[in-house]
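S.K.: no sequence for this one, just the structure:
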Ligand code: GLN
């Protein structure tokens, strides 16, 4: 029988040969062992638990088939919380954690005390909406998605994490507009990949295209949401978007075209790539 250390070492080699990032094998082992309340470094030289070995070997096969680790585990961590994921939702990304971080500091800076009306448009797993509610309970949070299957996952996450978020099915903000909801804060990580862009296999073969691709220039869903904004946003309010690293100029044009007097700001992610766009109306 093999030890944890030997098992992991073999798997790293298998991954390297298959052109898969070896860190994924390490993360898989950590997640599987933590799940069983083991500290990997303490048990490194012990014989691997047979059940963990079976799950790990199965997982490595799937990793080598380019499947995302989050699909193998059935969850991904986001802002310190565990979110259920499936093939019907985009796996929450680290970049998107940065977006919520900036929104939380804007809330402190720009909005006083009291309740705030907020929405996450195209919520997917619910990661943004639920994190906002968990971190700022004074926010009333709505979330929409066009996909019923995604909403099923988001609702499960909200229940599991005990966050009160109201979900609506529909096209971007339309269900909120129909319900005459007016927002202080509108968040969205819409699909923004250009039709022509070459995307990693683990993404394009496994994640929902409705959550990834935003038309010829990747900006179709921003245009739709910006067009909906006058009916959706309070006079003093803000919008916060995730975006592609090369979309700053094009997205700025779309915003300025519709809201020439609003303040528009862009922020980079931890990798130094343009990643977030903030539009402030009268604040
Ligand atoms: N960041 C994702 C990726 O590049 C795309 C997310 C999105 O389109 N909203 O895989």
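M.R.: Now that the structure is in, tell me what you want to look at. Values in this document were obtained by computation on a predicted structure and should not be read as measured data.

S.K.: From what I see, residue 263 and residue 280 are in contact.
M.R.: Yes - counting by C-beta atoms under 8 Å, a contact exists between residue 263 and residue 280, whose distance comes to 4.2 Å. Using the backbone N, CA and C atoms, a C-beta is placed for each residue, glycine as well.

S.K.: These two: who's more crowded?
M.R.: Set residue 263 next to residue 280 and count neighbours by other C-beta atoms under 10 Å: residue 280 wins out with 17 against 13.

S.K.: so what's the residue lying closest to residue 36 once chain neighbours are set aside up against?
M.R.: Taking C-beta to C-beta, 6 or more residues apart in numbering, and ignoring the residues beside it in sequence, residue 36 has residue 52 as its nearest neighbour in space, at 6.3 Å. Going by C-beta atoms under 8 Å, 6 or more residues apart in numbering, residue 52 touches 32, 33, 36.

S.K.: TSV please, covering the residues you listed and showing secondary structure.
M.R.: Below are the contacts of residue 52 laid out as TSV (DSSP: H, G, I helix; E, B strand; the rest coil):
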residue	secondary structure
32	helix
33	helix
36	coil
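
S.K.: Tell me how far stretch 50-58 lies from the chain's centre.
M.R.: 28 Å (C-alpha atoms, centre = their mean, to the nearest Å).

S.K.: got it, and stretch 198-214?
M.R.: Its chain's C-alpha centre lies 13 Å from the corresponding centre of stretch 198-214 when counted by C-alpha atoms, centre = their mean.

S.K.: re earlier: wait, a helix at the residue nearest to residue 36?
M.R.: Yes - Residue 52 sits within a helix when classified using three-state DSSP.

S.K.: what about it, distance to the ligand?
M.R.: Residue 52 is 30 Å from the ligand, where distance means C-beta to the nearest ligand atom, to the nearest Å.

S.K.: just residue 180 next, same as before
M.R.: Counting by C-beta to the nearest ligand atom, the gap between residue 180 and the ligand amounts to 28 Å.

S.K.: what's near enough to touch the closest residue in space to residue 60 that isn't next to it in sequence?
M.R.: The spatial neighbour of residue 60 that comes closest, neighbours along the chain excluded (C-beta to C-beta, 6+ apart), is residue 11 at 4.8 Å. Residues touching residue 11, when contacts are defined by C-beta under 8 Å, 6+ apart, comprise 25, 28, 29, 56, 60.

S.K.: Can you flag which of those residues belong to helices?
M.R.: With helices taken from DSSP state H, the overlap with the contacts of residue 11 comprises 25, 28, 29, 56, 60.
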